[in-house]
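[1] any chance you can model this:
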Amino acid sequence: MAKRQILIISGEASGDLNASNLVKSILKIDPEIKFSGAGGTLLRQAGAEILCDIKELAVIGFFDALKKLPRFLKLQKLILEKIKSEKPDCLILVDFSGFNLRLAKKINKSIPVIYYVSPQVWASRPGRVKTIRKFIHKMIVLFKFEEEFYKKYGIDVNFVGHPLLDVVKPAIDRKEFIAKYNLSGSKTTIALLPGSRKQEIENILPIMLRASRLINKDLGWNNVQFLIAKSLQVDWDFYQRKDIDASDLDLKIVEGKTYECLELADFAMVASGTATLETAIMQKPFVIIYKMDLLNYLLYRPQVKVPYIGIVNIIAGREIIPEFIQFRAKPKTISEQVLKNLKNPQELKRIKEELNQIKSQLGEKEASLRAAKIILEYLGTTPLGMSP
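    From the prediction side, this is the model:
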């Protein structure tokens, strides 16, 4: 009997993480399934054959996507040919809506299509829900409000909770981390999470560094250290090419140790995205920063239908974490907010309590396993006794 085959498509660092944990969970139940698709290091390590590495795919905004259109078309053609020749049992789409929803249209339900990690249709371009209803067989979502949203449109949807609850934790303890990277255990520590895409980092990291210099000037060199949490998806030579001058800061770049950086941190400056939720789960006070190219911003901003960009604020329904977006992303304003919070223990305590409330709304642990069981049940492969 031929092995079952599943195609899985992710396109960003957060998607690679969620896709890899989903694959590992499915393989725990059925180790014979063969996975292939688009992803990164984590999806490869989980056991999938990588047809296209996501380093080639990450984009920000319309114009960046336009530049990479030939790559997207090439990948789409590759996937369509694979579906035609090998007839996999299903396609799992993980976030990455700009590419994945277009792919779903092309496939046109020729095989079961399952969407894991919803596009933010409730935040911008709500018309995409029509595409989902027409071309997606099943939605598996991470937030309860997303389940309620899709049910209103008659879409087959399951809420499983957030898989980050299982993975957001340091792999090594605080003392080992401090020793390994020659850090101080007594200085105030500020973590910088500038994103996982090159264009994001180009736009956001310089702002974070200028704010860091102002914070450093106020607190003093001997009292504060800064950690850049470097994504595995960005090559070291990119940081070297940007020639980050750390001579006036006690600053280190640490690769692949985001949770250790956050564990040590007293405060964080975080690019909007999945990292804001990771920081919230670790209950670390932070500010949200985001800036994109002006033309992309002018195209994107009118499509946004929610008052906040940070998922923690969207879940809370109010701004519990300050947002410094586009024209408000000014180093002086950001540094003043960070210093104000750092010097107010009661405010830090309040923020941590608010973040704990957010964490409690993310469901229970083992979300990836619940998603895996739902997918296998949908495909009719769930062994007896493994119902979701």
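[2] count the neighbours of Ile207 for me.
    Neighbour count for Ile207, taken as other CB atoms under 10 Å: 20. (C-beta placed from N, C-alpha, C; glycine too.)
[3] element containing it?
    helix 198-219 (DSSP states H and E).
[4] who touches that helix?
    Contact with helix 198-219 is made by 58-61, 64, 188, 190, 192, 194-195, 224, 226, 228, 234, 238, 242, 244, 248-251, 269, 271, 289-293, 329-332, 334-335, 338-339, 342, as judged by CB atoms under 8 Å, 6 or more residues apart in numbering.
[5] now, which of those residues lie within strands?
    188, 190, 192, 224, 226, 228, 251, 269, 271, 289-290 (DSSP state E).
[6] pull out the buried members of these.
    188, 190, 192, 224, 226, 228, 251, 269, 271, 289-290 (16 or more other CB atoms under 10 Å).
[7] closest one to Lys134 out of these, please.
    Tyr290 (31.6 Å; CB to CB).
[8] show me where the stretch 51-200 of the chain has its helices.
    For the stretch 51-200 of the chain, helices defined by DSSP state H, counting those that start in this stretch occupy the ranges 61-67, 69-86, 97-107, 128-135, 144-152, 164-167, 174-180, 198-219.
[9] now for these, which one comes closest to Gly256?
    Comparing these under CB to CB, the one sitting nearest is helix 174-180, at 12.1 Å.
[10] of all the residues in the closest one, which ones are buried?
    In helix 174-180, counting by 16+ other CB under 10 Å, buried: 177-178.
[11] returning to what we had before: can you select the buried ones among the contacts of helix 198-219 for me in ChimeraX?
    Applying 16+ other CB under 10 Å to the contacts of helix 198-219, the buried members can be selected in ChimeraX as follows:
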select :58,59,60,64,188,190,192,194,195,224,226,228,234,249,250,251,269,271,289,290,291,292,293,329,331,334,335,338,339,342
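[12] circling back to that earlier point, for the buried ones among the ones in strands among the contacts of helix 198-219, which one is nearest Ile155?
    The nearest member of those to Ile155, counting by CB to CB, is Tyr290 at 29.2 Å.
[13] so what's the nearest residue to the closest one once chain neighbours are set aside up against?
    Once flanking residues are discounted, Tyr290 sits nearest to Ser272: 4.0 Å by CB to CB, 6 or more residues apart in numbering. Counting by CB under 8 Å, 6+ apart, Ser272 touches 288-290, 309-310, 323, 325.
[14] can you pick the most crowded of those?
    Ile289 (29 neighbours).
[15] ok, which of the helices of the stretch 51-200 of the chain comes nearest Ala265?
    Nearest to Ala265, of the helices of the stretch 51-200 of the chain and by CB to CB, is helix 174-180 at 11.0 Å.
[16] low-confidence regions, the stretch 201-350 of the chain specifically.
    241-245, 294-306 (pLDDT under 70).
[17] one more pass at 80, please.
    The stretch 201-350 of the chain contains residues with pLDDT under 80 at 233, 237-247, 293-307.
[18] the helices in it, which residues?
    So, for the stretch 201-350 of the chain - with DSSP H, counting those that start in this stretch - the helices run 236-241, 258-264, 274-281, 294-300, 311-316, 331-342, 345-360.
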